[in-house]
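K.L.:
No sequence on hand, only this structure:
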């Protein structure tokens, strides 16, 4: 995934954790608007979520944040 979407994922995770607590779960749809304005990026994130990491539909935001953190 590119740097911009990684940054967006981290921001969304931090926002959800801040507002709902450490146990909040989310799906990869949380990183996109409710319209399909960038299907290529949506599919890239979906592939990473589903095919590469075999994540459940909902996962803890803290887990996702750690997985995409910049190394």
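P.N.:
All right, it came through fine. Not measured: the values here are computed from a predicted model.

K.L.:
ok, residue 26 - how many residues close by?
P.N.:
Applying other C-beta atoms under 10 Å, we find 19 residues neighbouring residue 26. The C-beta positions use only the backbone N, C-alpha and C, and glycine is treated the same way.

K.L.:
Now stretch 31-51: buried residues?
P.N.:
Buried residues in stretch 31-51, counted by 16 or more other C-beta atoms under 10 Å: 31, 32, 41, 42, 45, 48, 49.

K.L.:
Now render these as JSON lines, adding pLDDT, secondary structure and distance to residue 22.
P.N.:
Putting these into JSON lines (pLDDT from 0 to 100; DSSP: H, G, I helix; E, B strand; the rest coil; distance: C-beta to C-beta, whole Å) gives the following:
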{"residue": "31", "pLDDT": "94", "secondary structure": "helix", "distance to residue 22": "19"}
{"residue": "32", "pLDDT": "91", "secondary structure": "coil", "distance to residue 22": "23"}
{"residue": "41", "pLDDT": "94", "secondary structure": "helix", "distance to residue 22": "28"}
{"residue": "42", "pLDDT": "93", "secondary structure": "helix", "distance to residue 22": "27"}
{"residue": "45", "pLDDT": "95", "secondary structure": "helix", "distance to residue 22": "23"}
{"residue": "48", "pLDDT": "96", "secondary structure": "helix", "distance to residue 22": "23"}
{"residue": "49", "pLDDT": "97", "secondary structure": "helix", "distance to residue 22": "20"}
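
K.L.:
List just the nearest of these to residue 61.
P.N.:
When the buried residues of stretch 31-51 are ranked by distance to residue 61 (C-beta to C-beta), residue 31 comes first, at 11.0 Å.
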